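Peer 1: Dropping the sequence and predicted coords here.
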Amino acid sequence: MKILTLPERIDRFLSKCPGAVSGQHGHDRTFSVACALYHGFALSESETLHFLSNWNSKCDPPWTEKELEHKVNGVVNTVDSKPRGYLLGDTERDNLVLPSRTHVRTTPKWPPLDAPMVKRIEQSHGGLSELWERSPIAPSDVPDSERVLDNLFPQDSLLCLGKSSSVFDTRPRNDWRGQSGRNQFIVPSPMSALRGLTKEGKESAHCLANTGPRRFIVVEFDRSTIDFQAAALLHLSKFLPLACAVHSGSKSVHGWFYCQPFPEVKTWKFFRYAVSIGGDRATWTRSQFVRLPDGTRDNGKVQNVYYLNPAALRGGE
């Protein structure tokens, strides 16, 4: 009797899972397949996305890469009633049962806006001027992305920077010297490899598959005033260390919170709370581009740093 490898067992399992069809409980079926991969086979997020992308070819119409990433994020943040790895049994089992949605205990992914808390935050902090004054390293009028990156990342990090959402690269930290400030985007966590595979199986310098563990969780506010956004970042710094605050070069200020030493569940709870006071949900995705500190926006404006606190990283290296 042939002993199947884990990838072979997963492929065999997926071959028995019909593809999702639009309008016929497609989301529930896709969620169930992702749940089986992540919880049942005890795969990582990137491994789950890889196999889910393979199965996606059977869907009509296929899900986009962003939609698949969203579903994997949802699965990661649910609790299955069965023990993790429950499908890691006899390699020749033919009666693997796809868990139904009723086996998964879920909560709404994102909370509604907490208007009373927003009001309290508005009344409790002085806004942008207070954020600026509290910065342990005085923000400079001269852009210096090199200094900021040196304070935020280890020297041997692989960093993914982009001039746009379609023009980007991943390189060792030192290979970016003298060039980093020309970019406007960065992935706020070190990359795990120079390249990874997208859903379509194409090699890319920027995808979920080559994004490493979270180092920072970035909270971005695109609504309300700059003063409220600054006040909200100071409020959030009570729960996770605020390492950097960056102006977008347009209408918002983004906070970089150091989360690497903490359990993912703490980061998740923190981010849900940030969303409840107006934070943008998009930056939960690990591979999401954010504004590069002291980088250059496509319109030529500098994305100035308003707050820089390297001490926030102490004890986590």
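Peer 2: Noted; the coordinates are in hand.

Peer 1: CA only for contacts and neighbour counts going forward, please
Peer 2: Will do.

Peer 1: need the contact list for R291.
Peer 2: By C-alpha atoms under 8 Å, 6 or more residues apart in numbering, the contact set of R291 is 184-186, 246, 248, 254, 303.

Peer 1: mind running it again at 7 Å?
Peer 2: Taking C-alpha atoms under 7 Å, 6 or more residues apart in numbering as the criterion, R291 is in contact with 184-186, 248.

Peer 1: try N210
Peer 2: 191-193, 195-196.

Peer 1: What about those residues, which one has the most neighbours?
Peer 2: Each of those was scored for neighbours by other C-alpha atoms under 10 Å, and M191 scores highest at 27 neighbours.

Peer 1: hey, what's it bridged with?
Peer 2: Following DSSP bridges, M191 is listed with bridge partners T211.

Peer 1: can I assume it is in contact with P213?
Peer 2: No - at 8.1 Å, M191 does not count as touching P213 under the criterion of C-alpha atoms under 7 Å.

Peer 1: What's the end-to-end length of stretch 133-151?
Peer 2: Using C-alpha to C-alpha, to the nearest Å, one end of stretch 133-151 lies 19 Å from the other.

Peer 1: With stretch 253-267 instead?
Peer 2: 20 Å.

Peer 1: Next: stretch 255-273.
Peer 2: Start and end residues of stretch 255-273 are separated by 14 Å (C-alpha to C-alpha).

Peer 1: change the start of the numbering to 131 and stick with it
Peer 2: Sounds good: first residue 131 from here, last item stretch 385-403.

Peer 1: Give me the contacts around it.
Peer 2: Contacts of stretch 385-403 with the rest of the structure, by C-alpha under 7 Å, 6+ apart, involve 240-241, 344-350, 363, 370-376, 442-443, 446.

Peer 1: Excluding sequence neighbours, find me the nearest residue to H157.
Peer 2: Spatial nearest neighbour of H157, excluding adjacent residues (C-alpha to C-alpha, 6 or more residues apart in numbering): A150 at 7.5 Å.

Peer 1: still on that earlier bit, now, the contacts of stretch 385-403 that are in helices?
Peer 2: L363 (DSSP state H).

Peer 1: Please indicate which of the contacts of stretch 385-403 are buried?
Peer 2: Buried members of the contacts of stretch 385-403, scored by 16 or more other C-alpha atoms under 10 Å, are 344-350, 363, 370-376, 442-443.

Peer 1: Show only the entries of the residues you listed found in strands.
Peer 2: 346-350, 372-376 (DSSP state E).
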